[in-house]
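Engineer: Generate a structure from the sequence data that follows.
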Amino acid sequence: FSAAACVAGAIAPASVGQDYRHSGGASNYICLPFAPEYGSFQGGHQHQGLVYGAELETVGTLESSLHNQNPACSVCHVTGRASQLMIPARNTCPPSWTMEYHGYLMSERHNHHRSEYICVDGSPDVVSGESRNLDGALLYFVEAGCGYGLQCPPYDESKELTCV
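Structural biologist: Model (predicted):
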């Protein structure tokens with residue numbers, strides 16, 4: 001695709017995913033730039049909202065080599081595009097649409113605090129030098145939960161869901 005401007009960074013969820021054991025704050029994932037810019041601030045920790053980096057939890061999956069890596073991200077403005085949409089459980093776009101991205105659906109683990117679903121690249125970049133098990137936000141591959149209103153088939157609870 002032809003992007004007019006991109007900002008590279010690291011995936012970080014605001015508060016809820018900051019640490020999978022915390023229950024408050026926001027639940028959306030954000031792409032934090034590598035070079036933050038600050039305005040006015042009060043020095044020291046104020047015990048308010050927190051944001052930490054995310055960590056891939058992929059042991060025993062198709063991408064086990066990425067376990068405990070911190071996923072990188074980028075946010076781009078693409079000129080001439082009127083809208084954007086992430087389509088889960090698909091690896092192709094409808095006819096006449098333009099695919100900008102494809103990968104796997106990921107979120108917090110089903111028994112952790114809720115987060116949003118995000119589409120993570122099928123061959124994700126990771127933050128260089130960051131491979132520690134700190135258990136901030138944890139990203140897991142998403143599989144179908146059959147028997148809870150989701151029809152199986154066509155869904156299969158033994159397969160990781162894709163996204164475009």
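Engineer: Please count neighbours and contacts with C-alpha atoms only from this point.
Structural biologist: Fine.
Engineer: residue ranges with poor pLDDT in the protein?
Structural biologist: Within the chain, the segments meeting pLDDT under 70 span 1-26, 36, 38, 41-42, 45-52, 130.
Engineer: so where do the strands sit in it?
Structural biologist: In the chain, the strands defined using DSSP state E lie at 3-13, 29-33, 54-56, 72-78, 103-107, 118-121, 137-141, 162-163.
Engineer: could you dump those strands to TSV with mean neighbour count and distance to S64?
Structural biologist: Shown next, in TSV, are the strands of the chain (neighbours: other Cα atoms under 10 Å; distance: least, Cα to Cα, whole Å):
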stretch	mean neighbour count	distance to S64
strand 3-13	17	19
strand 29-33	20	22
strand 54-56	27	9
strand 72-78	17	17
strand 103-107	23	14
strand 118-121	21	15
strand 137-141	26	11
strand 162-163	22	17
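Engineer: can you list those in CSV and add distance to V127?
Structural biologist: Formatted as CSV, the strands of the chain follow (distance: least, Cα to Cα, whole Å):
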stretch, distance to V127
strand 3-13, 7
strand 29-33, 12
strand 54-56, 10
strand 72-78, 5
strand 103-107, 18
strand 118-121, 14
strand 137-141, 15
strand 162-163, 22
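Engineer: Please name whichever of those is nearest to L66.
Structural biologist: The minimum distance between L66 and the strands of the chain falls on strand 54-56, with 6.5 Å, by Cα to Cα.
Engineer: roughly how far out does the closest one sit from the chain middle?
Structural biologist: How far strand 54-56 lies from its chain's middle: 8 Å, per Cα atoms, centre = their mean, to the nearest Å.
Engineer: So what are the sheet partners of it and their directions?
Structural biologist: Sheet pairing of strand 54-56 (DSSP bridges) gives strand 137-141 (parallel).
Engineer: Distance-wise, check the residue nearest the centre of the chain relative to R81.
Structural biologist: Geometric centre of the chain, nearest residue: I118, 4.3 Å, by Cα atoms, centre = their mean. Going from I118 to R81 by Cα to Cα, to the nearest Å gives 20 Å.
Engineer: do the same with Q151
Structural biologist: Separation of Q151 from R81 (Cα to Cα) stands at 33 Å.
Engineer: of those two, who's got more company?
Structural biologist: Neighbours per residue (other Cα atoms under 10 Å) separate Q151 from R81, with Q151 holding more: 12 against 8.
Engineer: Tell me who's in contact with the more buried one.
Structural biologist: Contact analysis of Q151 by Cα atoms under 8 Å, 6 or more residues apart in numbering lists nothing.
Engineer: Quick check: phi and psi at it.
Structural biologist: For Q151, the backbone dihedrals (degrees, to the nearest 10) come out as phi -70, psi 120.
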